[in-house]
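> give me coordinates for this.
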Amino acid sequence: MEPSASALAVAPTNLSSGDDPTAELVRGILLSVARFFETYRFSEDLDFSLRPDAPYTEEAIRGAIAEVAASAAQMSGIELPVETIEVRARKDKLDRPTFQGKIAYRGPLAVPNWPRVLLDITRHEPLVTQVARLPIFHPYPDSLPADALVPCYALEELYAEKTRALLERTRPRDLYDVVHLGERHDHVRIDEVRRIFREKCTNKNLQPPSAAALLTLVRESGDLRADWENMLAHQLPALPPIDHVLDRVEPLLAWIDEPTAPAPPVPALRPYAARPGEETVAPRGGRYWGLGQGLEVVRFAGANRLMVEFTYDGKHRRVEPYSLRRPATGNLLLYAWEVASDSIKAFNTAKIREISVSKPSAIPDSSLPVPADAGP
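This is a model prediction of the structure:
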């Protein structure tokens with residue numbers, strides 16, 4: 001998450017402090033980057049769900065954004081001029097009022113233009129589960145307050161809502177999110193996701209589908225395929241081919257049906273035993289997208305079942321990322337399946353050069369480990 005968005009998310013406001021019954025909830029992709037999944041896609045906006053009794057007028061929302069902006073500017077040093085705040089009333093698909101907010105910002109680089117943070121605000125997404133208060137992944141040099149927690153949807157509610165969105169609008173980001181969440185469902189209570197999904201469909205006047213019906217909708221959507229690159233490529237360091245994602249979706253929707261059919265086994269790499277004194281690690285951050293790339297590209301590729309290519313000892317290598325490990329020597333090693341040698345090798349990350357993401361992996365389910373605290 002960019003520093004400006006982090007600051008806005010944690011800045012105190014009379015709508016988000018303490019146990020205020022009018023507190024807003026952060027929903028959507030912010031939850032994913034807030035706590036559960038670090039190597040994820042960027043979001044185009046911050047989504048907020050207001051409680052039913054929260055102030056819900058343009059004036060009230062503009063005032064709340066101004067208060068947040070003032071707090072965030074004081075905390076972060078980022079300029080967030082209140083005169084740039086815009087609030088626009090909109091309608092959802094059921095003709096209910098929602099709001100879009102915008103606020104410009106300028107950070108320490110002082111670029112000539114003023115980028116904007118977009119806010120999507122509604123009170124028509126009923127909360128089904130208890131609020132989760134979570135920290136934000138923030139790999140930048142500045143620090144967030146130690147007690148900065150964001151009120152968010154529980155992971156089960158987010159998973160259910162993203163699946164409902166896939167049914168309702170079938171956009172590329174919805175498919176990507178459902179697959180990404182589904183492949184990490186060991187953090188999720190699937191029976192609870194099914195219950196919430198059905199309730200959220202009913203709240204939108206949608207008939208809860210069978211797994212087969214939703215799968216057919218996704219596979220036959222011409223718009224999904226046509227919009228895949230235009231709507232998603234700018235949110236990722238490398239865009240997985242849509243067929244690569246569609247090939248993985250069927251077992252990930254099986255939970256919709258009850259009783260849940262066991263998912264077909266997915267072949268995986270046999271665990272590669274650690275050497276004496278060697279530990280598996282997942283260093284957070286490094287150099288992020290657009291800033292030299294570094295290990296974050298490797299970790300993104302591992303999480304999305306993509307290959308990476310790089311130069312090592314003067315030779316071009318193409319590998320499937322497997323794990324990051326640190327031996328007693330202190331070097332950080334990338335263990336990866338090298339295509340040319342058809343075997344797992346250890347590469348000293350300090351010697352990796354010119355790294356980039358390549359085409360999808362031929363070896364399924366061999367993703368890199370994530371930080372130990374990346375789950376609930």
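> from now on I want contacts and neighbour counts done on CA atoms only, so please keep to that.
OK.
> the longest strand along the chain pairs with which strands?
Longest strand in the chain by number of residues, with DSSP state E as the criterion: strand 315-326. Strand pairing for strand 315-326, using DSSP bridges, gives strand 279-281 (antiparallel), strand 306-312 (antiparallel), strand 333-338 (antiparallel).
> and those: which comes nearest Glu125?
Taking C-alpha to C-alpha, strand 306-312 is the member of the strands paired with strand 315-326 nearest to Glu125, at 34.6 Å.
> does Arg62 really touch Thr84, like I thought?
No - with contact defined as C-alpha atoms under 8 Å, Arg62 does not reach Thr84; the gap is 10.6 Å.
> please say which of the two ends up with more neighbours.
A direct count of neighbours by other C-alpha atoms under 10 Å for Arg62 and Thr84 places Arg62 higher, at 18 against 13.
> mind listing the residues bridging to Lys345?
With DSSP bridges as the rule, Lys345 is bridged to Ala336.
> list the contacts for it?
For Lys345, the contact set (C-alpha atoms under 8 Å, 6 or more residues apart in numbering) comprises 335-338.
> by neighbour count, which of those residues wins?
Going by other C-alpha under 10 Å, Ala336 tops these with 23 neighbours.
> thinking that one is in contact with Ser323, fair?
Yes - Ala336 is within contact range of Ser323, at 6.9 Å (criterion: C-alpha under 8 Å).
> just name the shakiest helix or strand of the chain by mean pLDDT.
Sorting the helices and strands of the chain by mean pLDDT, DSSP states H and E puts helix 29-31 at the bottom, at a mean of 41.
> just after it, pick out the following helix or strand.
strand 46-49 (DSSP states H and E).
> where does the stretch 151-300 of the chain have low pLDDT?
The stretch 151-300 of the chain contains residues with pLDDT under 70 at 185-186, 259-274, 281-294.
> mind listing the helices for it?
Using DSSP state H, counting those that start in this stretch, the helices of the stretch 151-300 of the chain run over 155-168, 172-182, 190-203, 211-219, 222-232, 242-249, 295-303.
> and among these, the most buried is which?
helix 295-303 (a mean of 25; mean count of other C-alpha atoms under 10 Å).
> partners of Thr98 in the sheet?
Applying DSSP bridges, one finds that Thr98 bridges with Arg90.
> relative to Thr57, how far out is it?
9 Å (C-alpha to C-alpha, to the nearest Å).
> with Ala69 instead?
18 Å.
> neighbour-wise, which of the two wins?
Counted by other C-alpha under 10 Å, Ala69 and Thr57 do not tie: Ala69 has more neighbours, with 27 against 14.
> isn't that one right up against Thr84?
No - Ala69 lies out of contact with Thr84 (C-alpha under 8 Å); the separation is 10.5 Å.
> where does Ser4 land on pLDDT?
At Ser4, the model reports a pLDDT of 48.
> er, Lys315 actually
For Lys315, the model assigns a pLDDT of 94.
> identify the bridge partners of it.
Going by DSSP bridges, Lys315 is paired in beta bridges with Tyr312.
> relative to Leu119, how far out is Leu332?
39 Å.
> for the protein, what's the longest helix?
The longest helix of the chain (DSSP state H) is helix 58-76.
> pLDDT of that helix, averaged?
Helix 58-76 comes out at a mean pLDDT of 87.
> in it, which residues are buried?
Neighbour-count burial for helix 58-76, counted by 16 or more other C-alpha atoms under 10 Å, picks out 58, 61-62, 64-73, 75-76.
> and stretch 86-105, by the same measure?
86-87, 97-105.
> tell me the two of the residues you listed that are most distant?
Counting by C-alpha to C-alpha, the most remote pair of those is Pro97 and Tyr105, 26.7 Å apart.
> domain ranges for this structure, per the record?
By the assignment in automatic domain parsing, the chain contains the domains 3-152, 155-256, 279-360.
> got any ranges where the stretch 1-150 of the chain has weak pLDDT?
Ranges of the stretch 1-150 of the chain meeting pLDDT under 70: 1-40, 42, 137-142.
> let's see 90
For the stretch 1-150 of the chain, the stretches with pLDDT under 90 are 1-55, 64-65, 67-78, 92-95, 105-117, 119-120, 122-150.
> what about Thr329, which SS state?
Reduced to three states with DSSP: H, G, I helix; E, B strand; the rest coil, the structure at Thr329 is coil.
> contacting residues for Gly101?
Contact analysis of Gly101 by C-alpha under 8 Å, 6+ apart lists 62, 85-88, 118-121.
> next, format those as a markdown table and append secondary structure.
As requested, the contacts of Gly101 are exported to a markdown table (three-state DSSP):
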| residue | secondary structure |
| --- | --- |
| Arg62 | helix |
| Ile85 | coil |
| Glu86 | strand |
| Val87 | strand |
| Arg88 | strand |
| Leu118 | strand |
| Leu119 | strand |
| Asp120 | strand |
| Ile121 | strand |
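> would CSV of those residues with distance to Glu250 be doable?
Output for the contacts of Gly101, formatted as CSV (distance: C-alpha to C-alpha, whole Å):
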residue, distance to Glu250
Arg62, 43
Ile85, 43
Glu86, 42
Val87, 40
Arg88, 39
Leu118, 33
Leu119, 33
Asp120, 31
Ile121, 32
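> got a list of what Ala211 touches?
253-257.
> correction: Leu175
Per C-alpha under 8 Å, 6+ apart, neighbours of Leu175: Leu166.
> fine by me, we can end here.
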